[in-house]
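Trainee: Need a 3D model of the sequence below.
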Amino acid sequence: MTARLVALAAIGAVLVMIPLTGGPVLVLRATEIFAFIVAFSGLHVLSGRLGLISIGHGAFMGIGALAGAHAVQDASVPYLLAPVMAAAFAAAFGALIAVPSLRLPSTYLALLSVAVAMALPILMRRIDGPLGILVKKDLLPPAWTGLDSSQDEIWQYLLVVTAGSLIVGLMSLLLSGRFGRSLIAVRDEPTAAAAFGVNTPRTRILGVALACGLAGFAGGLLVYATPYVSGDRYTFELSLFMFALSVGFGSGRLWTSIPAAIVLVMLPEVLVSIGWSAYQPVVYGLLLLVATRLTGTRRMIDRLAVRRSAQPASNTEPSVVLLDA
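Mentor: Residues are numbered from 1 along each chain as shown. Below is the predicted model of the structure:
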């Protein structure tokens, strides 16, 4: 418990120091990282809790960003509600693709997500043209914040951190309760779960909808920082890299969303700075191979530890044999 409090205090100190000491570029990257943390938490629900595979999670971010941008620009929805509209639309779309996969193996959901990820950039170009959509409304800081119009990136950062923390916190509470246990039961023993009264189809659909809704919410948060939405940003490569990092860092624990998001946002910057931008897919592939190998080794060690603990302790004391005189 103490270690968790120390970690939370350290994270809070970093979040406070970024807008105070960092420049506009660093604040923008930190904003993107926090949005992707929300998206990776959706992969935790999908893969870590439900045991399903999604290679198109970035596409649901794009669906959310597209819905949020059009809601603000065309339907005059308040800018602050863009992530809410994005989450609702992405969750509904995720529930739709979850329905046909209920009676099929889990790999079919992966195939459906791949199809969505490959078709989305083309669809976005058909809807808004090759240049995408630009939200022509300002998200300026209110007067009570003490920030002026030239510090709008700090206000956007605060919005993303606040909204993202609230959503991830609520999701963590939800997963720690009955719904989270139902997801694990549907993943591990669906027949036994149904026998104990768990509606397995509904639970699976709700789990997929929650995961896709989190991805859509993250896409809506990115509209705060970058009001320009196009198919060039939400490509199939983004979904593939997210899947690789999720597997590499392990989707079974929620906290792994943090390093996965940091690597996803900052690794391209590092590769560009050293002139290795063309090798980005190779680097992601190597990271996936190394992390998968480490994960397999850790699981083997855990299994050996379980087997050793299950063996009865050997009696090292010498036996005493009594002989009648």
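
Trainee: How about residues contacting stretch 69-79?
Mentor: Residues outside stretch 69-79 that contact it (Cβ atoms under 8 Å, 6 or more residues apart in numbering) are 81-82, 85-86, 133-137, 139, 223-224, 227, 229. C-beta here means a position set from N, CA and C on the backbone, and glycine is covered the same way.

Trainee: any low-confidence regions in the stretch 101-250 of the chain?
Mentor: 103-106 (pLDDT under 70).

Trainee: ok, the spatially most central residue of the chain to residue 164 distance?
Mentor: Nearest to the centroid of the C-alpha atoms of the chain, with distances taken as Cα atoms, centre = their mean, sits residue 40, at 1.2 Å. Going from residue 40 to residue 164 by Cβ to Cβ, to the nearest Å gives 11 Å.

Trainee: Over to residue 241?
Mentor: 20 Å.

Trainee: how about the closest residue to residue 159 other than its chain neighbours, what does it touch?
Mentor: Using Cβ to Cβ, 6 or more residues apart in numbering and skipping the chain neighbours, the partner closest in space to residue 159 is residue 224 (5.7 Å). Shown in contact with residue 224 (Cβ under 8 Å, 6+ apart): 31, 79, 82-83, 139, 156, 159-160.

Trainee: right, and the secondary structure at residue 224 would be what?
Mentor: State at residue 224, reduced to three classes by DSSP: H, G, I helix; E, B strand; the rest coil: helix.

Trainee: mind listing the strands in this structure by residue range?
Mentor: 133-134, 228-229 (DSSP state E).

Trainee: Please enumerate the helices of the stretch 1-150 of the chain.
Mentor: 2-21, 24-43, 57-73, 82-98, 107-128 (DSSP state H, counting those that start in this stretch).

Trainee: quick one: which of these is nearest residue 193?
Mentor: helix 82-98 (16.9 Å; Cβ to Cβ).

Trainee: quick one: the residue nearest to the centre of the chain and residue 217, what's the gap?
Mentor: 12 Å.

Trainee: Ok, residue 254 next?
Mentor: Look at residue 254 and residue 217: by Cβ to Cβ, they are 15 Å apart.

Trainee: try residue 266
Mentor: For residue 266 relative to residue 217 (Cβ to Cβ), the value is 22 Å.

Trainee: cool, and residue 101?
Mentor: 22 Å.

Trainee: From the chain's centroid, how far away is stretch 50-67?
Mentor: 9 Å (Cα atoms, centre = their mean, to the nearest Å).

Trainee: er, stretch 85-104 I mean
Mentor: 16 Å.

Trainee: what do you get for stretch 166-183?
Mentor: Per Cα atoms, centre = their mean, the centroid offset for stretch 166-183 relative to its chain is 14 Å.

Trainee: what comes up buried for that stretch?
Mentor: Neighbour-count burial for stretch 166-183 flags 167-168, 171, 175, 180, 182-183 (criterion: 16 or more other Cβ atoms under 10 Å).

Trainee: What is the linear distance spanned by that stretch between its boundary residues?
Mentor: Terminal residues of stretch 166-183 lie 22 Å apart, using Cα to Cα, to the nearest Å.

Trainee: Can you give the contact residues for that stretch?
Mentor: 37-38, 41, 45, 49-50, 193, 198, 203, 206-207, 210, 214, 217, 254, 257.

Trainee: Quick one: the helices in the stretch 201-325 of the chain, in order.
Mentor: 236-249, 257-273, 280-310.

Trainee: Any idea which of the ones you listed has the lowest pLDDT on average?
Mentor: Mean pLDDT per stretch puts helix 280-310 lowest among these, at a mean of 65.

Trainee: Residue 83 and residue 115, how far apart?
Mentor: From residue 83 to residue 115 the distance is 25 Å (Cβ to Cβ).

Trainee: The two: who's more crowded?
Mentor: Taking neighbours as other Cβ atoms under 10 Å, residue 83 and residue 115 compare with residue 83 leading, 27 against 14.

Trainee: wait, isn't that one in contact with residue 214?
Mentor: No. In this structure residue 83 lies outside contact range of residue 214 using Cβ atoms under 8 Å: 10.4 Å.

Trainee: Good, we can wrap up now.
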